[in-house]
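*Asks:* Return atomic coordinates for the entry below.
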Amino acid sequence: MKRLMLLLGALVATVFLTACNTMQGVGKDISKGGQAIEKAAK
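*Replies:* Modelled structure (predicted):
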């Protein structure tokens with residue numbers, strides 16, 4: 001669980017550091033990141 005939280009924190013930081021120009025872009029990035037986390041968790 002600790003590893004998952006670390007991965008999630010890194011993902012959030014990456015999303016914000018990539019400087020998405022629109023909220024729609026941020027939403028897509030977060031969605032893709034969530035899917036990657038779910039896949040890694042399985």
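*Asks:* in the longest helix along the chain, what's buried?
*Replies:* What stands out as the longest helix in the chain, according to DSSP state H, is helix 23-41. Buried positions in helix 23-41, judged by neighbour count with 16 or more other C-beta atoms under 10 Å: 29, 33. Backbone N, C-alpha and C define where each C-beta goes, glycine included.
*Asks:* Which strands and helices lie in contact with it?
*Replies:* In terms of contacts (3 or more C-beta pairs under 8 Å, 6 or more residues apart in numbering; DSSP states H and E), helix 23-41 is packed against helix 2-17.
*Asks:* how big is the angle separating the helix it packs on from helix 23-41?
*Replies:* Angle of helix 2-17 versus helix 23-41, following axes from the mean of the first three to the mean of the last three C-alpha atoms, to 10 degrees, is 160 degrees.
*Asks:* What's the mean pLDDT across helix 2-17?
*Replies:* Regarding helix 2-17, the rounded mean pLDDT is 84.
*Asks:* List of residues touching it?
*Replies:* 26, 29, 30, 33, 36, 37, 40, 41 (C-beta atoms under 8 Å, 6 or more residues apart in numbering).
*Asks:* what's the spacing between stretch 34-42 and its chain's center?
*Replies:* With C-alpha atoms, centre = their mean, to the nearest Å as the basis, stretch 34-42 stands 10 Å off its chain's centre.
*Asks:* One more: stretch 8-15?
*Replies:* Stretch 8-15 sits 5 Å away from the centroid of its parent chain (C-alpha atoms, centre = their mean).
*Asks:* Next: stretch 28-36.
*Replies:* 5 Å.
*Asks:* could you give me the average pLDDT of it?
*Replies:* 84.
*Asks:* what about dumping the CA coordinates of it to PDB?
*Replies:* In PDB, the C-alpha atoms belonging to stretch 28-36 read as follows (Å, rounded to 0.1, in the frame of the first residue of the first chain):
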ATOM      1  CA  LYS A  28      -7.200  13.000 -19.500                       C
ATOM      2  CA  ASP A  29      -3.700  12.700 -17.900                       C
ATOM      3  CA  ILE A  30      -5.200  11.900 -14.500                       C
ATOM      4  CA  SER A  31      -7.500   9.300 -16.000                       C
ATOM      5  CA  LYS A  32      -4.600   7.600 -17.900                       C
ATOM      6  CA  GLY A  33      -2.500   7.600 -14.700                       C
ATOM      7  CA  GLY A  34      -5.400   6.100 -12.700                       C
ATOM      8  CA  GLN A  35      -5.700   3.300 -15.300                       C
ATOM      9  CA  ALA A  36      -1.900   2.600 -15.000                       C
END
